[in-house]
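Q: Predicted structure and sequence below. I'll ask about it afterward.
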Amino acid sequence: EVQLVESGGGSVQAGGSLRLSCVASGFTFSSVCMGWFRQAPGKEREGVATIDSDGTTNYAESVSGRFTVSRDNVMSILYLQMKSLKAEDTALYYCASDLGPCTVDAGTPLDWGQGTQVTVSS
């Protein structure tokens, strides 16, 4: 059974930083594209960052230069380091696995975590 468990969300002031983690199990983590998505209240879910099995990354334009996605294939953990946070980054952040096309625009995840809330106050 695939399990994706996110952690690291919280409330921060604008300009602050957070690091999200996603512990994965039930599949061969090192072989698949992984990604982070987010959904703000009243908005559609959107891709934030993806990382392929070879380490190739892709970012949404809105977070490029501020967020960094990485993975630990030994421990099967996906990370999202978020810096210079803005109020518009407030959302429920989801970890996703096995995206197929490994981009924030075209990726269609096979499995999802339950999400971790990030709230940025201005």
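A: On my side now, so go ahead. Numbering: from 1, shown residues only.
Q: Give me the residues contacting stretch 17-27.
A: 1-10, 12, 34, 36, 75-85, 93, 95, 97-98, 111, 113, 116, 118 (CB atoms under 8 Å, 6 or more residues apart in numbering). Bear in mind the C-beta positions are built from the backbone N, C-alpha and C, glycine included.
Q: at 7 Å instead, please
A: For stretch 17-27, the external contacting residues (CB atoms under 7 Å, 6 or more residues apart in numbering) are 1-10, 12, 76-83, 85, 93, 95, 97, 113, 116, 118.
Q: Could you give the separation of stretch 107-118 from the chain centroid?
A: Put simply, stretch 107-118 sits 8 Å off its chain's centre (CA atoms, centre = their mean, to the nearest Å).
Q: what's the span of it from first residue to last?
A: Length of stretch 107-118, first residue to last, CA to CA, to the nearest Å: 22 Å.
Q: The residue nearest to V48 when sequence neighbours are not counted pairs with what?
A: If the residues on either side of it in the chain are set aside, V48 comes closest to W36, at 4.4 Å by CB to CB, 6 or more residues apart in numbering. Going by DSSP bridges, W36 is paired in beta bridges with A49, C95.
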